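In: give me a 3D structure for the following:
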Amino acid sequence: MACQSGCCAKPASPPPEQPNPSPDTFAPSPDVDDDNDGRCSTPTPPRPSCCEGKASPCCDQSCLDRVALRECESENESQKPDSVSHGSAASSCSQGKDGKPCDSHAKKTRLKYAKTLQALGCICRVLVALGHESCCLPPRRSSTRRRSKEKSAQCCDSTGSCCADATTRSSEISCTPQAGGKACCSSDETDTNPAPPRPIPACADSCCDTEQPANRVAHTADLEKGLTYAGHEKDHVILSISGMTCTGCETKLSRTLGTHPAVTNLKTSLVLSRAEFDITVAAGAASVSEVIKYLERTTEFKCERVTNKGANLELVVSRGNPAALVNSPWPDGVTEVRVVDSKTINVSFDAQIIGARDLINHGWVNSHEVSLAPPRPDQTLQAGSKHVRHIGYMTLLSAILTVPVLIMAWAPLPHHEIEYGAASLALATIVQFAIAGPFYPKALKSFIFSRIIEMDLLIVLSTSAAYIFSVVSFGYLVSGHPLATGEFFETSTLLVTLIMLGRWVSALARQKAVESISIRSLQTSAACLVTDEGEVDVDARLLQHGDVFKVSPESRIPTDGTVVSGLSEVDESMVTGEAKPVEKNVKSPVIAGSANGPGMLYVRLTRLPGDNTITAIARLVDEAKLSKPRIQDLADRVASYFVPAVVALAVITFVVWVAIGVAIRHQPGGEATIQALTYAIAVLIVSCPCAIGLAVPMVIVIATGVAAERGVVFTSAESMEMAYKTSHVVLDKTGTITEGRLSVVREWYAGNDRDVTNALLLGLVGGIKHPVSAAVATHLKAQGVSPTAVSGIKALTGRGVEGTATGSGLLLQAGNSRWLNLDSDPEVQAVLAQGYTAFCFTVSGSIAAVFGLQDSIRPDAASTVQALLERGISVHILSGDDDGAVCSVGAQLNIPASNIRSRCTPVDKQVYIQKLLESTGPSSHSNSTTKSANPVVLFCGDGTNDAVALAQATIGVHMHNTNDGGSDIAKSAADVVLMRPHLGGILTTIDVSRKAMHRVAFNFGWSFVYNLFAVLLAAGAFVTRNARIPPAFAGLGELVSVLPVIAAAAMLRWSKV
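Out: Alright, predicted model coming up:
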């Protein structure tokens, strides 16, 4: 296969026709040198003798010795293009004496390549991928796996390249840009039936003369790690974590993954039980599966990878082995196939190449029959539900085993101490090791691998102390020397049961809270597909590009599309927050998840269910949930010291009560020790850092969902933390304050030939999407104007657009009057005096036409601005429009003239916002009476020319245009996205932020008050008033401390915002 440019492939004939076949035919192509002049060649690497005449597998241990010997020999040699070098040599290297490698290099080579050799029977591909000389030549064989048409059609996309010999066809191709924008392609498999020779044009760069050193980057296949890249390829991984119960678990997860060298950009969430990170997959480095195994081994968590990007389906293999299907040729367009269970596979594919129905019906050969697997709920929510069920079952089992122990300890039964003690010992042992057993490895591994003393360690210490003491006491009872206190198996069993009950209720409450604000639940599971044969109900996952589906009255729209027939009203409130139904007719966009009204609609699909508006919003909300505000750092710091502090308090409590018992109460040493032990156990258990750890993330999760339901999408938690502190709101005019639907209300032409002027102008601005240019183009098209060809069109931000008329070569410029130096022109002055937006057109520097455009202010703009002013927030307008239009809008909204700036370029907007951020005390541009040492500036724009200002402001708010059907949601880099074009979303943003931070403050306060009084009661500080917490009931501490925190967050759903 050749480069896209077709620059380097040489005419080739099929191998049977070659008179003298050579190893060059099968050799991978070389790279382009960094300092060459754009030329490439095909050097002939020497073929090692280790594989001459060998059948597959072609490599053996001698190949490893050969590679190790090369490393030894390279100790005294200068670096060669085909030498194998893996770093500095060992000091003990014997430099390959007697033709054998030294022990150091032999061991190092085996560690590096032994698994690959065992799995594949060949290490050549790994060596070639690393840019080293192959130890043997791979045998010629046919491609075993077809890739997508996109991959097979594209090889290199950089300027200038070198490619493999045309006699080979790569099934796995990789390109890595080199210096100068060049790239190289290498193939690791050849086709036994190559295409016939075809003429290929010579390189435009004359790039095929010089020999270059090998520096290849290619795919490497490893049966254990899957398909990876020899270069540093990043893979984004999302894991659903089961087993996280407290903030210590999240800290352990963060430290365990954070210390792994291949993991970057780590984000974790206790509430979502989720981790996201990028993993750098390089040759010889850890794969995703190895990172998951490492995480499970060191933390005792259960991990499941979640796929949330691209098109993917879960298929049931009704005939054949799923593993065999994975290793069989894949259909064109399939990018990944992985086994889910014994009958199910997950297939990722390019929906532009192959549709879901085509994949199932015609994708695989008849030896494999596949069908669509039953739909599964959100994988993250499913994993959370599974965890809740598991804890619930364990809690029920613990309760069943605990109740008999409590009856034997507290009920007035006949006196049979040894029999009851033996039965209690048996039941308590089951509880201690079967129910509380998982706490032991978690606590120990957390301490050993992550250096964290977490809540599980407190449980282990307290329950073990109660259990071991009871066992010892029972031993004394059996021996005939019972202790005065007797055994208390009921304490350890009830303690474990109440702890499990608290964790189950907390997990259930968290899960229900997360499910209640799940955006993905709006996605419908079925669609009515319209075909030539009629209408058929299908699973929504089987929709593909080009489909037309029917939306029945009072039903939900399955995915984004454009109406092709019908008339109806659609309720989009659940997606955009728009309260009023929106009328839909032909060419109107519809949004997934919205509810159709009384009419029938036929819709052409524009976005697949896995990539529609619902999915885009859900991804943004998930990003916000995973992000952490700065206040979370404080909570994490407090929680990290919490458990060690509690352990210290328990030790102090134990020592103090021993001293009190012996010195003051004159108790025997044993009795004083036992009494002190009960107080220490109660202190260990009753304290709970979970409330502190959940204080912030629980609120963020609920608040982001509540805001999304009201059409406001927070993309970061920090923006929610800061929004309620807003001191300045800066608004763009066109498309933000106004509706962005400009109309031409006045036009003037310099000459008599209006048709020629209009044709030139339409040719210039016809493809420009700026609201002003688009309005003029729409106006001209409505008059039936045909555009003249214009070349070299360039849009100049904040100025206008310019180009050259094809043929005549006339310079055409259209834009604002200041850029064109037409401020003093009488016609321009007349337009500006009426408060219109002036749009000027010049031909070769001479004015040709002037247009006056008018826009209407959004209905809620005045009420929103007034509400902001009443809250003491100053409001500003920044616009690139002319003075008259901007000042007219400002006057209608009662915004002071000192807070209005017109004719602003993006840089001007940035500078203005920067000055607001640097101001202290009352702003010179503000009518606010509040003082702010650190001003918080919220900028709201519709995305046109506002990127710089959005980035500069403390909080950047992007106003989404619903007419785009959601196409630009995921592209927005703003901190907040308003899903409907209403300025009232700014008030919602501020209100949600204020209520969320009030909940956070309450949670912190409750956590402090609970732990203070709970520890004092457990430690016996109020024992003189007969107020204490017995150790058996201390396990209720987690329930009492966490439930108010979750309830406070959940109450946000019913708050008025």
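
In: element containing the closest residue to residue 312 other than its chain neighbours?
Out: Leaving out its chain neighbours, the residue that sits closest to residue 312 by C-beta to C-beta, 6 or more residues apart in numbering is residue 348, at 4.4 Å. The C-beta positions use only the backbone N, C-alpha and C, and glycine is treated the same way. Assessed by DSSP states H and E, residue 348 sits inside strand 344-349.

In: average pLDDT for that strand?
Out: What strand 344-349 shows for mean pLDDT is 86.

In: next one: that strand to chain centre, how far?
Out: Put simply, strand 344-349 sits 20 Å off its chain's centre (C-alpha atoms, centre = their mean, to the nearest Å).

In: burial count for residue 519?
Out: 25 (other C-beta atoms under 10 Å).

In: likewise the one 4 residues further on?
Out: For residue 523, the tally of surrounding residues (other C-beta under 10 Å) stands at 22.

In: residues contacting it?
Out: Remark: with contacts taken as C-beta atoms under 8 Å, 6 or more residues apart in numbering, residue 523 is in contact with 540, 558, 592, 593, 609, 612, 614, 615.

In: could I get those as a markdown table with pLDDT?
Out: Shown next, in a markdown table, are those (pLDDT from 0 to 100):
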| residue | pLDDT |
| --- | --- |
| 540 | 90 |
| 558 | 92 |
| 592 | 89 |
| 593 | 86 |
| 609 | 88 |
| 612 | 85 |
| 614 | 82 |
| 615 | 82 |
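
In: adding distance to residue 789 and secondary structure, write those out as JSON lines.
Out: What follows is the contacts of residue 523, written out as JSON lines (distance: C-beta to C-beta, whole Å; DSSP: H, G, I helix; E, B strand; the rest coil):
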{"residue": "540", "distance to residue 789": "45", "secondary structure": "helix"}
{"residue": "558", "distance to residue 789": "43", "secondary structure": "coil"}
{"residue": "592", "distance to residue 789": "40", "secondary structure": "coil"}
{"residue": "593", "distance to residue 789": "44", "secondary structure": "coil"}
{"residue": "609", "distance to residue 789": "41", "secondary structure": "helix"}
{"residue": "612", "distance to residue 789": "38", "secondary structure": "coil"}
{"residue": "614", "distance to residue 789": "42", "secondary structure": "helix"}
{"residue": "615", "distance to residue 789": "41", "secondary structure": "helix"}
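
In: just the buried members of these?
Out: 540, 558, 592, 593, 609, 612, 614, 615 (16 or more other C-beta atoms under 10 Å).

In: wait, which of those is closest to residue 437?
Out: residue 615 (40.8 Å; C-beta to C-beta).

In: right, and that closest one touches residue 522 too?
Out: No: when contacts are counted by C-beta atoms under 8 Å, residue 615 is not listed as touching residue 522 (10.3 Å).

In: which parts of stretch 612-631 are buried?
Out: So stretch 612-631, judged by 16+ other C-beta under 10 Å, has buried residues 612-629, 631.

In: tell me who's in contact with residue 793.
Out: The contact partners of residue 793, by C-beta under 8 Å, 6+ apart, come to 764, 767, 768, 801, 802, 803.

In: let me know the secondary structure of it.
Out: On the three-state scheme (DSSP: H, G, I helix; E, B strand; the rest coil), residue 793 is labelled strand.

In: what about it, distance to residue 811?
Out: 12 Å (C-beta to C-beta, to the nearest Å).

In: can you check residue 654 too?
Out: 90 Å.

In: now residue 106
Out: 73 Å.

In: of these two, which one has the most company?
Out: residue 106 (19 against 14).

In: ok, now which ones touch that one?
Out: Residues near residue 106 by C-beta under 8 Å, 6+ apart: 64, 65, 68.

In: buried subset of the residues you listed?
Out: 64, 65, 68.

In: setting aside sequence neighbours, what's the nearest residue to the first one?
Out: Sequence neighbours aside, residue 109 is the residue nearest to residue 64 in space, at 5.2 Å (criterion: C-beta to C-beta, 6+ apart).

In: cool, and the second one?
Out: Leaving aside its chain neighbours, residue 65 sits nearest to residue 101 (5.8 Å; criterion: C-beta to C-beta, 6+ apart).

In: before we move on, which element is that neighbour in?
Out: Using DSSP H and E, no helix or strand contains residue 101.

In: tell me the pLDDT at it?
Out: The model reports residue 101 with a pLDDT of 74.

In: likewise residue 123?
Out: So residue 123 comes in at 70 (pLDDT).

In: my guess is it meets residue 64, correct?
Out: Yes: using C-beta under 8 Å, residue 123 is in contact with residue 64, at 7.5 Å.

In: about what we covered before: relative to residue 59, how far out is the residue nearest to residue 65?
Out: Applying C-beta to C-beta to residue 101 and residue 59 gives a distance of 16 Å.

In: which SS class is the residue lying closest to residue 625 once chain neighbours are set aside?
Out: Computed as C-beta to C-beta, 6+ apart, the closest residue to residue 625 that is not its neighbour in sequence is residue 701, at 5.1 Å. Three-state call for residue 701 (three-state DSSP): helix.

In: need the contact list for residue 701.
Out: 269, 271, 272, 513, 514, 517, 625, 1049.

In: check residue 845 too.
Out: 811, 813.

In: cool, and residue 404?
Out: So residue 404 contacts 423, 424, 427 (C-beta under 8 Å, 6+ apart).

In: can we see that at 10 Å?
Out: Residues near residue 404 by C-beta atoms under 10 Å, 6 or more residues apart in numbering: 420, 423, 424, 426, 427, 493.

In: pretty sure the last one belongs to a strand, no?
Out: When you say that, I think you mean residue 493. No: per three-state DSSP, residue 493 lies outside any strand segment and is helix.

In: quick one on the thing from earlier: filter the contacts of residue 793 to the buried ones?
Out: Buried subset of the contacts of residue 793 (neighbour count, 16+ other C-beta under 10 Å): 764, 768, 801, 802, 803.

In: so how far is residue 767 from the last one?
Out: Relative to residue 767, residue 803 is positioned 10 Å away (criterion: C-beta to C-beta).
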